[in-house]
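In: Fold the following for me, if possible:
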Amino acid sequence: MIPPRAPAFAADDPDRAVELHDVAGRSQLVAWHRATGDHRILTHTPQGVDACDLEPDGGHVWWFDAGPDGSGVWRRQPFTGGPAGPGLTGLPRGRPYGVAFDRAGTRVAVCVGVDAESHCYLGRPGGPAHLLATAPGYLPLVDLSADGRLLALAGRPDSPRAVTVLRPGDGHTDVLAGDRHRRVWALEFRPGDDDPDLLVVVEADGRYTVGTWRPGHDLRLREHLAFDSEITAHWYADGRRVLVQHDRAGRSRLLLADLDGGVPRVLPTPAGTILDLACAPDGAIHYVWSREAVPPRHLVVDPERDRDPAPVPAVPGRGEVWTPQPYGRIHSFLAVPPGPGPWPTIMLVHGGPFLHDRDSYDPRVEALTRAGYAVARTNYRGSSGYGPRWRHGFGHRVGLAQLEDLTAVRRHLVDLGVARTGQIGLCGYSWGGYLVLLAMGVQPADWAVGLAVSPVADYLAAHRATIPALREADEELFGGTPDEVPDRYRAADPMTYLDRVRGPLFLAAATDDERCPAEAVRRYVAGLRRRSVPHEVRWVPGGHHGDPTGQTAVFTALLRYAATVLPAEPGHLTDVPEPDLRDGRGSSTPETIGGR
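Out: Model prediction:
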């Protein structure tokens, strides 16, 4: 699914912006001239474009030219069209770990992931790249200060080097530390030239708080901007105020706040989820919004003029369920087909695990309900949007704690008369697919079918073979490496429970998956075959996210398999159109790359 994105704007030419659009099933770069409304397609790459930016004067756009495995190079192309050249000459091929410009547009910083290292470069746009620093693991670029004298990099938020600021002029380094009691995320430098304040979010004492840090000075937390669940923040266009997106229980709200105090003002956005946003130079906020059964829309709110959001009607057959447990309440979004229940039910399991299901459109939910299934999307422990304790408080019992939550919700749905006993299946993508495989081994009698796409099938092998960002996320989840805490990895590994799997199982995987390696899936499938477990396997070319055509084909095959082993009511499946998976979903939590 192509994730919807807000435009990127030229700081010095408000009429110039770039967007990512679906062009023939691929995400491609489109130049947008706001004054004339003209849109012009700039790229036609076979893999599509996922990352882009715009130089401050709007003269050139940058986009990442990736291959099937996710590695590639930055290209620089005139906004008005023409051939694309290298963003910086001499850069190695690698993964895009960030790009940022100074205010004048005379310097650009680029971070590239090469093998198991992060390489940070500085140069003039289109000129030679000068290597500034190399570090092991995943160390993405956060931002370059407006005057070009400071460069911020992000480490693990709970590490002693949560934020590192380099001074390219003299090589001096400032570090802001985090630990397991205080996690720190760096966001962006103040846009003005005078004050190189870095905007940060700090998780401590059960809250997420907006703060600023000027390298060489103390961190300043703004207690009037403390929230009980995840946030992200952006400097507003005037460089004085801050725009905060607060995500709680699967819904979003936007607030505009003065850092020096006062009550932040809630901006008039409709109820639902904000998937992405950007602030234009004129102060208008462009955002991508969705809610259940309403596909993503690009909306604009002007904090100086707009006062009331547009009303959004209720959606029939949509609701939510809270399942009480001794450690808290488990939140699920529920969609049911027309007519009386109970229904055969699919629990659609999100990935991450540091993500969450939201009050937003998911074409898979629409396809499943049209086929006659009730669909539950559960935000198990580890999900964002419910506070630090829910996100971290499961004692490194990776996978097993999440299965306890899914099982509790399954029982609750049966008690409510929603789910039909013995006819409840699991469906998940990526880390959600991992939970499906784990559940089919740990709880083989509880699930009527398992449907897993791009799953982690062998956790030990996946940890060794995956990209550095996910390796670090695993080590945070488990509290160490497989060598340091082998019992935790073994208890969480689907391969450990292969002898108990009964099936039926549907698996789909990509041949060049850089996040959930294909070789691990092959070993798991070979184990199913040796044990004569009923299953079906579908292989598709490409990387972890694949392409929309392949995604649609996989989901169509998945739906047909589900209908065979877990039939819905007669007549439902005959009129279900092929699902269109081009409308995707994003994440606005502080950690969006550290998960599957």
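
In: how about the strands of the stretch 51-200 of the chain, start to end?
Out: Using DSSP state E, counting those that start in this stretch, the strands of the stretch 51-200 of the chain run over 52-54, 60-66, 72-78, 85-86, 95-101, 108-114, 117-123, 130-136, 141-144, 151-154, 163-166, 173-176, 182-189, 198-204.

In: Show me how the record splits this structure into domains.
Out: When the chain is parsed with automatic domain parsing, its domains come out as 58-301, 318-575.

In: Would you mind saying which of those domains lies nearest residue 33?
Out: With C-beta to C-beta as the criterion, residue 33 lies closest to domain 58-301 of the domains of the chain, at 8.6 Å. Backbone N, C-alpha and C define where each C-beta goes, glycine included.

In: model confidence over that closest one, on average?
Out: Confidence over domain 58-301, taken as the mean pLDDT, stands at 94.

In: gap between the two ends of that domain?
Out: End-to-end distance for domain 58-301, by C-alpha to C-alpha, to the nearest Å: 23 Å.

In: quick one: it to chain centroid distance?
Out: Here the centre of domain 58-301 is set off from its chain's centre by 15 Å, with C-alpha atoms, centre = their mean, to the nearest Å.

In: Could you list the residues in contact with the helix or strand encompassing residue 300?
Out: Secondary structure assigned from DSSP states H and E places residue 300 in strand 294-301. The contact list for strand 294-301, computed with C-beta atoms under 8 Å, 6 or more residues apart in numbering, reads 4, 6, 254, 267-270, 272, 275, 284-290, 312, 315, 360-361, 363, 583.

In: Give me the buried subset of the residues you listed.
Out: Neighbour-count burial (16 or more other C-beta atoms under 10 Å) is assigned, among those, to 4, 6, 254, 267, 269-270, 272, 275, 284-290, 360-361, 363, 583.

In: Distance check, residue 334 against residue 375.
Out: Separation of residue 334 from residue 375 (C-beta to C-beta, to the nearest Å): 7 Å.

In: out of those two, which sits in the busier spot?
Out: Shown here are residue 334 and residue 375; by other C-beta atoms under 10 Å, residue 375 has more neighbours (26 against 22).

In: Correct me if wrong: residue 126 contacts residue 91.
Out: No: in this structure residue 126 lies outside contact range of residue 91 using C-beta atoms under 8 Å: 11.8 Å.

In: thinking again about what came up before, okay, and which of the contacts of strand 294-301 map to strands?
Out: Using DSSP state E, 254, 275, 285-290 are the members of the contacts of strand 294-301 that sit in strands.

In: which one of residue 126 and residue 91 has more residues nearby?
Out: Between residue 126 and residue 91, residue 91 has the larger neighbour count (other C-beta under 10 Å), namely 19 against 14.

In: what's the nearest residue to that one if we skip its chain neighbours?
Out: residue 129 (4.9 Å; C-beta to C-beta, 6 or more residues apart in numbering).

In: and residue 493, how many neighbours?
Out: Residues near residue 493, counting by other C-beta under 10 Å, number 26.

In: before we move on, what about residue 479?
Out: 13.

In: how close does it get to residue 487?
Out: 11 Å.

In: same deal with residue 568?
Out: For residue 568, the distance to residue 487 - C-beta to C-beta - is 41 Å.

In: more crowded one of these two?
Out: Using other C-beta under 10 Å as the criterion, residue 568 and residue 487 rank with residue 568 on top: 23 against 9.

In: Quick check: the gap between residue 144 and residue 110.
Out: Distance, residue 144 to residue 110, by C-beta to C-beta: 10 Å.

In: next one: residue 96
Out: From residue 96 to residue 110 the distance is 8 Å (C-beta to C-beta).

In: between these two, what contacts are shared?
Out: Common neighbours of residue 96 and residue 110, counting by C-beta under 8 Å, 6+ apart, are residue 74.

In: surely residue 65 meets residue 73?
Out: Yes: counting by C-beta under 8 Å, residue 65 touches residue 73, with 5.6 Å between them.

In: any shared contact partners between the two?
Out: By C-beta under 8 Å, 6+ apart, no residue touches both residue 65 and residue 73.

In: Averaged pLDDT, the helix of greatest length in the chain. What do you get?
Out: Counting residues, the longest helix found in the chain (DSSP state H) is helix 548-565. Mean pLDDT, helix 548-565: 88.

In: list the buried ones in it?
Out: 548, 550-559, 561-563, 565.

In: repeat for stretch 221-233
Out: 221-222, 225-227, 229-233.

In: now, which of these lie within strands?
Out: Those of the buried residues of stretch 221-233 lying in strands (DSSP E): 221-222, 225-227, 231-233.

In: picking up where we left off before, so which of the strands of the stretch 51-200 of the chain is the most packed in?
Out: Most buried of those by mean neighbour count (mean count of other C-beta atoms under 10 Å) is strand 151-154; its value is a mean of 26.

In: List the neighbouring strands of it plus their orientation.
Out: Sheet pairing of strand 151-154 (DSSP bridges) gives strand 141-144 (antiparallel), strand 163-166 (antiparallel).

In: got the ones you listed as JSON lines, with distance to residue 368 columns?
Out: Formatted as JSON lines, those follow (distance: least, C-beta to C-beta, whole Å):
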{"stretch": "strand 141-144", "distance to residue 368": "39"}
{"stretch": "strand 163-166", "distance to residue 368": "42"}
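
In: Tell me which of those strands lies nearest to residue 428.
Out: Of all the strands paired with strand 151-154, strand 141-144 sits nearest to residue 428, with 31.0 Å by C-beta to C-beta.

In: mind exporting the closest one as CSV, just the C-alpha atoms?
Out: Taking Å, rounded to 0.1, in the frame of the first residue of the first chain, the C-alpha atoms of strand 141-144 are listed here in CSV:
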residue,chain,number,x,y,z
LEU,A,141,20.2,12.4,10.1
VAL,A,142,17.6,14.5,12.0
ASP,A,143,18.3,18.0,10.6
LEU,A,144,20.9,20.7,9.6
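
In: List the contacts of it.
Out: Counting by C-beta under 8 Å, 6+ apart, 97-102, 107-111, 120, 150-154, 163, 186-189, 198 sit against strand 141-144.

In: Nearest spatial neighbour of residue 308, chain-adjacent residues omitted?
Out: Closest residue to residue 308 apart from its sequence neighbours, by C-beta to C-beta, 6+ apart: residue 268 at 5.3 Å.

In: again, but for residue 442
Out: Distance criterion C-beta to C-beta, 6+ apart; nearest residue to residue 442, sequence neighbours excluded, is residue 497 at 5.5 Å.

In: so is residue 490 in a helix, a strand, or just coil?
Out: Following DSSP: H, G, I helix; E, B strand; the rest coil, the label given to residue 490 is helix.

In: For it, give me its contacts.
Out: 460, 496.

In: cool, and residue 290?
Out: Taking C-beta under 8 Å, 6+ apart, we find residue 290 in contact with 4, 272-273, 275, 296-297, 360-361, 585.

In: how much space between residue 490 and residue 459?
Out: To residue 459, residue 490 is 9 Å away according to C-beta to C-beta.

In: could I have stretch 75-95 exported to CSV, CA atoms only?
Out: Extracted as CSV, the C-alpha positions of stretch 75-95 are listed here (Å, rounded to 0.1, in the frame of the first residue of the first chain):
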residue,chain,number,x,y,z
ARG,A,75,19.0,12.3,-7.4
ARG,A,76,18.7,16.1,-7.9
GLN,A,77,16.4,17.4,-10.6
PRO,A,78,15.2,20.8,-11.8
PHE,A,79,11.7,21.7,-10.5
THR,A,80,10.7,22.7,-14.0
GLY,A,81,11.7,19.3,-15.4
GLY,A,82,14.8,17.9,-17.1
PRO,A,83,17.3,15.2,-16.4
ALA,A,84,18.2,14.2,-12.9
GLY,A,85,21.8,14.2,-11.8
PRO,A,86,23.5,13.1,-8.5
GLY,A,87,22.4,15.0,-5.4
LEU,A,88,26.1,14.8,-4.3
THR,A,89,28.8,13.3,-6.3
GLY,A,90,30.9,10.5,-4.8
LEU,A,91,28.1,9.1,-2.5
PRO,A,92,28.0,5.3,-2.1
ARG,A,93,24.9,3.4,-2.8
GLY,A,94,23.0,2.7,0.4
ARG,A,95,19.8,3.2,2.3
